[in-house]
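Engineer: Coordinates only, no sequence provided:
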């Protein structure tokens, strides 16, 4: 039985606490730490079987009974707490992104060197039933050699302007998931990226120095071409589709909706719109990624998403940003 | 080159005239006869390449150059004109139904005996791309041995009350197409029928002695079960679906719409409703059935739907009517 | 906090134990009773937080701390244990069917009279996301006045012959779920039933006196017509669809599959088959029905499926059996 | 009644001859000219009602009875014959592309100046039921302001190497249709194009100096972004899809197949692959474009696709070629 500490008890922290409490028989949460922990959240954690709550995450790192931590705090703390945790000898599950600064990620890479510690990054979509099946289909060779990968990723609505300003920009905040997905589906890395971006959703996003709409083309190491289209706002909900085209055919996934009801009337045949909220859409995936992390510790396996899987999408995001700014194709190798 | 006469130049007559003019290179229409022929229709026929128009169909039967006739006149004239045409030595394509009276159909059966004349009944749906593919799929054994056949057949809107009164009732007017389809898909005849019917669409239809809604269960000769559901009015258009379930799987067809456009917005994902009007839905099938008729003559083949294929659905319709009235399962053998 | 006892720790018992342990914050399982309880199951129950296990369910009924029981034992014990539990003053959740014998169900009805006890029957499908949305769509009037209800319900494979022999026959074992669904979707009761049944899947089922294929037509109290088609074996998995047709349109639900992946290649465009196993298909619904039961107790509400909802489908099943045997339409009122 | 001459009686010429013969009541084909005219084709033309056949197209241009010509000869003859025909005072329908050389297209533009002659270019896809409905949906504002346009266009199999060598390259031969479609759907012109291309289908295509796979990003004049993905070979047939995403939602079209049959079995749920051959897929569109041309003459209307609509996609294609070669975004204004 693994004892776990959770650092950060906000929205995503609570998702992981619930997953461990209800889906992971091999692990229990001993301590939850959050500097802004409310009485209400502490109560809720107790009901979920959490032994102890604190405002100071060092209590988790200093606890010899705890062998693994989940870092669910704000993005700027991901890399420093990762370093602290690794130095304290804890296995680490870290929410994405590890950092927006490549040097800081490299510090985590170096800290892990020579240890037996497991490190996993939270790119949850790889555990989604649709993306997982798509990747499996491609990896099994059912569509032959991959030639074109297409990802559509559109949020239901833009984040708050306050968030936009600290988000690192759309490519590092939102597209980063799609960059991970491209790597997952392609089974190789990107070599070069070209971005055509625009500010069409809300002028205030442009004034804040960010874009909200983009088509991103990637040349992959195996010669195939990937293309991502992003928007910060889709009137019909959270749009998460993908398609892989290869020498023997094509595999594609569509959106999930709450039910399959279709109404036929004088206006047409209407089905439900896609699930609107990312937590609803990916709830099961969040549970599965945590199961995989605990499984890697218990059975001494590689985590499915290691620290390099955390690094690469950041490089792609930075290259995308550069391409958008300099209006030219940018090689990933220009970044490091 | 076959010379053809068309008897009846109403809606369906004009469909067949157009088909022969544009799709059948082996046939020309020499004469069109219709007692109520307007000047306008005569003009139109000329433009379609028809040589001659007349109000008297005997001119067609007496013309030795004409070897085949299409009977597209009112239902009550189908069997007498069939008899006249057969006696005049013409091949006959007759719109469905041959007659509502079994004895009159049997006269046609007897008249054909000993001749080499081709006789085809106009159950157009067999030539529809969807139903044709479904039948082929089943006949090729792709779903194994047939166990359950389901047909949904709903009209967009009820016919006029005047028509209802002379239609022979819903089972002989509308369901008769579905009875033919059951035979086509099953590859065998029905043994027994049970009807649960209702008058839900328009009380006036009930007052006219007819029903407008029904679920019809058939026991087939091969032991499988077929079920048809009918309504005289579907708010979303003409609903024409079928499904065949067997020992190795299921094959199903859905409706056709004008285009594949789907609009996703805050209300859901909306595609087009099915094609509304039967002529629009089955236009291509009407063309193909006439091609098949001419082909049978030119190449001396069996017509795909002979006089017995015209008789059987009438027997099924009469049995259905009896079941609806006597509220019990009725064997087809009770009818003849 | 409600303390609950679970009687029967087989497959479905374990499903409910898991649901209460992970999804119902207002309830804990104090005791699990099963005469055939293995050490392994007892272990598992402990891990799920169950306080006590026993082979004698009377220990549950005699425990004053336990206010509610879930009856998940074999069908023949449902009604006697229901009676025992009611007399012991416990709220009861009873798996379907309460009994195959109407008199025994009536004893339960009478035992409940004058008590404040909650009684819920386990027709889980009402809690499925698809069926729930369909019912809501119809109840909200979106398709107008209901005219035709169609349910397709096909099992992936037939049960063992041993089970077939004690199952009460297909109508009471399998179709009973569909009878409940017809009532749920129609919002009213059935008046009459007609069955066309066959033995097409396995001759041994016929030799055991049962059928394996059927089309069942029901006349509903509101004048609408319902039709169910059943098979004990679908090569493509568990087929659970429904369609409601009304004066303003139609609403339909389709099957669920594990993912939305579609592969396009030279053979066509292939999506996944429906989920094969009923526990997989309805796992979430099993959780929701137990939540609803606890909610009814905690908040003193009507259970969504009371004892009469347990009785009615049994009456329909017995009428169906009679119709199948006597080959005629049978009124539900003939049964009681 | 318009008298028409057809220049070029190959595959596409025969399609247009058939359309005029069977679908256009206001026009007849007087003469068909083809330097390689076979006896067989001449025979066929006669049967279609063509009055005269010749090897010399000047006979058409010199015939004062003929007021319109259809140019269906090889690509290199499109612009010179256009010029000849315009100088002879004929209305012109010209297959795409007018020319690969902008100067030669400009000669046609200038020749038309000051005349009343109708000129139409054969971008048939605008007349396809799916693309037509999609454009209408967008133009009616149903998805709000357009932000992203996506076109998938993949051929079933690559053309012969001989053809590849004279085709002008994939962008001018194949993508040119998609460039026209982008303009049609956007309702505005492109400003800049960026191409990521590859040679993945057949090395021989690369050796011939061409590409066979590409993702093409376009910045449109209204600020929206368009993206086209192309392949010269799709194992599952002719892939012709599009999607337009806007401020109020999304509209998308999918492929057409021969029928809607879906087979469910142990392997999944399989529908038909898309129609394989472009003539099959767009047959109706070919008919409609010719109807529109004749209609423009008879009713003195603008043709739906004038000479500038022929010019613009060539400019886009040349810019795409330049982008592919120079590996940078290229402005359309760099071309002229």
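Structural biologist: Looks like it came in fine. No experiment lies behind these values; they were computed from the predicted model shown.
Engineer: CA atoms for contacts and neighbours, from now on please.
Structural biologist: Noted.
Engineer: now the residue in the stretch 51-200 of chain A that chain B sits nearest to: how far from residue B:265?
Structural biologist: Relative to chain B, the nearest point of the stretch 51-200 of chain A is residue A:156 (10.2 Å; CA to the nearest CA). Separation of residue A:156 from residue B:265 (CA to CA, to the nearest Å): 11 Å.
Engineer: out of these two, which sits in the busier spot?
Structural biologist: residue B:265 (23 against 20; other CA atoms under 10 Å in any protein chain shown).
Engineer: tell me which residues form a beta bridge with that one?
Structural biologist: Applying DSSP bridges to residue B:265 gives these bridge partners: residue B:268.
Engineer: Assign the residue nearest to residue A:157 when sequence neighbours are not counted to helix, strand or coil.
Structural biologist: Distances taken as CA to CA, 6 or more residues apart in numbering or on different chains place residue A:233 nearest to residue A:157, at 4.2 Å, with adjacent residues excluded. Following DSSP: H, G, I helix; E, B strand; the rest coil, the label given to residue A:233 is coil.
Engineer: Give the residues shared as contacts by residue A:156 and residue B:265.
Structural biologist: A:235, A:236 (CA atoms under 8 Å, 6 or more residues apart in numbering or on different chains).
Engineer: Flag every residue of chain A that's near chain D.
Structural biologist: Counting by CA under 8 Å from any CA of the partner chain, chain A comes close to chain D at A:147, A:196-198, A:200-201, A:213-215, A:217, A:219, A:223-225, A:227, A:233-236, A:247-250, A:327-329.
Engineer: show me what contacts residue A:179?
Structural biologist: A:313, A:316, A:317.
Engineer: Quick check: residues of the stretch 151-300 of chain A near chain B?
Structural biologist: Within the stretch 151-300 of chain A, the positions near chain B by CA under 8 Å from any CA are A:235-237, A:264-274.
Engineer: which of the residues you listed are buried?
Structural biologist: A:235-237, A:264-266, A:268-274 (16 or more other CA atoms under 10 Å in any protein chain shown).
Engineer: start to end distance for stretch A:320-332?
Structural biologist: So stretch A:320-332: terminal residues 9 Å apart, CA to CA.
Engineer: Let me see the residues that make contact with it.
Structural biologist: A:171, A:190-197, A:216, A:315-316, A:319, D:327-329.
Engineer: Tell me who's in contact with the residue nearest to residue A:134 when sequence neighbours are not counted.
Structural biologist: For residue A:134, ignoring the flanking residues on the chain, the nearest one in space by CA to CA, 6+ apart is residue C:261 at 6.1 Å. Contacts for residue C:261 (CA under 8 Å, 6+ apart) come out as A:130, A:133, A:134, A:251, A:252, A:253, A:254, C:271, C:272.
Engineer: Same check on residue A:149?
Structural biologist: A:182, A:185, A:186, A:224, A:225, A:226, A:227, A:242, A:243, A:244, A:245.
Engineer: can you pull the buried residues of stretch A:309-328?
Structural biologist: A:309-324, A:327-328.
Engineer: if we can go back for a sec, sitting in helices, which of the contacts of stretch A:320-332 do you find?
Structural biologist: When the contacts of stretch A:320-332 are checked against helices (DSSP state H), the matches are A:171, A:315, A:316, A:319.
Engineer: among these, which two are most distant?
Structural biologist: Using CA to CA, those span at most 10.4 Å, a distance reached by A:171 and A:315.
Engineer: What segments of the stretch 1-150 of chain A are helices?
Structural biologist: A:11-23, A:39-47, A:58-61, A:78-87, A:102-112, A:129-139 (DSSP state H, counting those that start in this stretch).
Engineer: can those helices go into CSV with extra columns for mean neighbour count and mean pLDDT?
Structural biologist: Formatted as CSV, the helices of the stretch 1-150 of chain A follow (neighbours: other CA atoms under 10 Å in any protein chain shown; pLDDT from 0 to 100):
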stretch, mean neighbour count, mean pLDDT
helix A:11-23, 19, 93
helix A:39-47, 14, 93
helix A:58-61, 20, 98
helix A:78-87, 20, 98
helix A:102-112, 17, 98
helix A:129-139, 20, 98
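Engineer: Distance to residue C:138 for the ones you listed - can I get that in a markdown table?
Structural biologist: Output for these, formatted as a markdown table (distance: least, CA to CA, whole Å):
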| stretch | distance to residue C:138 |
| --- | --- |
| helix A:11-23 | 34 |
| helix A:39-47 | 38 |
| helix A:58-61 | 53 |
| helix A:78-87 | 49 |
| helix A:102-112 | 55 |
| helix A:129-139 | 30 |
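Engineer: In contact with the residue nearest the centre of chain A, which residues?
Structural biologist: By CA atoms, centre = their mean, chain A has its centre lying nearest to residue A:123, at 2.9 Å. By CA under 8 Å, 6+ apart, the contact set of residue A:123 is A:95, A:96, A:177, A:180, A:305.
Engineer: Which one of the residues you listed is nearest to residue B:152?
Structural biologist: Distances from residue B:152 to the contacts of residue A:123, taken by CA to CA, are shortest for residue A:177, at 45.0 Å.
Engineer: and that closest one, what pLDDT?
Structural biologist: Per-residue pLDDT puts residue A:177 at 98.
Engineer: quick one: whichever strand or helix holds it to helix A:129-139, angle?
Structural biologist: Using DSSP states H and E, residue A:177 maps to helix A:175-186. If you take axes from the mean of the first three to the mean of the last three CA atoms, to 10 degrees, helix A:175-186 sits at 40 degrees to helix A:129-139.
Engineer: just how off-centre is helix A:175-186 within its chain?
Structural biologist: Computed by CA atoms, centre = their mean, to the nearest Å, the separation of helix A:175-186 from the middle of its chain amounts to 9 Å.
Engineer: just stretch A:7-24 next, same as before
Structural biologist: 15 Å.
Engineer: swap in stretch A:52-59?
Structural biologist: Distance, centroid of stretch A:52-59 to centroid of chain: 25 Å (CA atoms, centre = their mean).
Engineer: Report the buried residues of that stretch.
Structural biologist: So, applying 16+ other CA under 10 Å, buried residues of stretch A:52-59: A:53, A:54, A:57.
Engineer: and the last one, what does it touch?
Structural biologist: In this structure, residue A:57 makes contact with A:7, A:32, A:33, A:34, judged by CA under 8 Å, 6+ apart.
Engineer: Which residue, neighbours along the chain excluded, lies closest to the residue of chain A positioned farthest from its centre?
Structural biologist: Largest separation from the mean C-alpha position in chain A: residue A:266, at 41.9 Å (CA atoms, centre = their mean). Distances taken as CA to CA, 6+ apart place residue B:236 nearest to residue A:266, at 4.6 Å, with adjacent residues excluded.
Engineer: any idea whether the one you found is helix, strand or coil?
Structural biologist: Per three-state DSSP, residue B:236 ends up coil.
Engineer: Distance check, it against residue D:134.
Structural biologist: 21 Å.
Engineer: Name the residues of the stretch 201-336 of chain A found near chain C, please.
Structural biologist: A:248-256, A:258-266.
Engineer: try 10 Å
Structural biologist: Within reach of chain C by CA under 10 Å from any CA of the partner chain, the stretch 201-336 of chain A has these residues: A:241-256, A:258-271.
Engineer: re the thing from before, and the two most separated of the residues of the stretch 151-300 of chain A next to chain B?
Structural biologist: Between any two of these, the greatest separation by CA to CA is 24.3 Å, found for A:237 and A:266.
Engineer: who's in contact with residue A:111?
Structural biologist: With contact taken as CA atoms under 10 Å, 6 or more residues apart in numbering or on different chains, residue A:111 is in contact with A:82, A:83, A:84, A:85, A:86, A:87, A:105.
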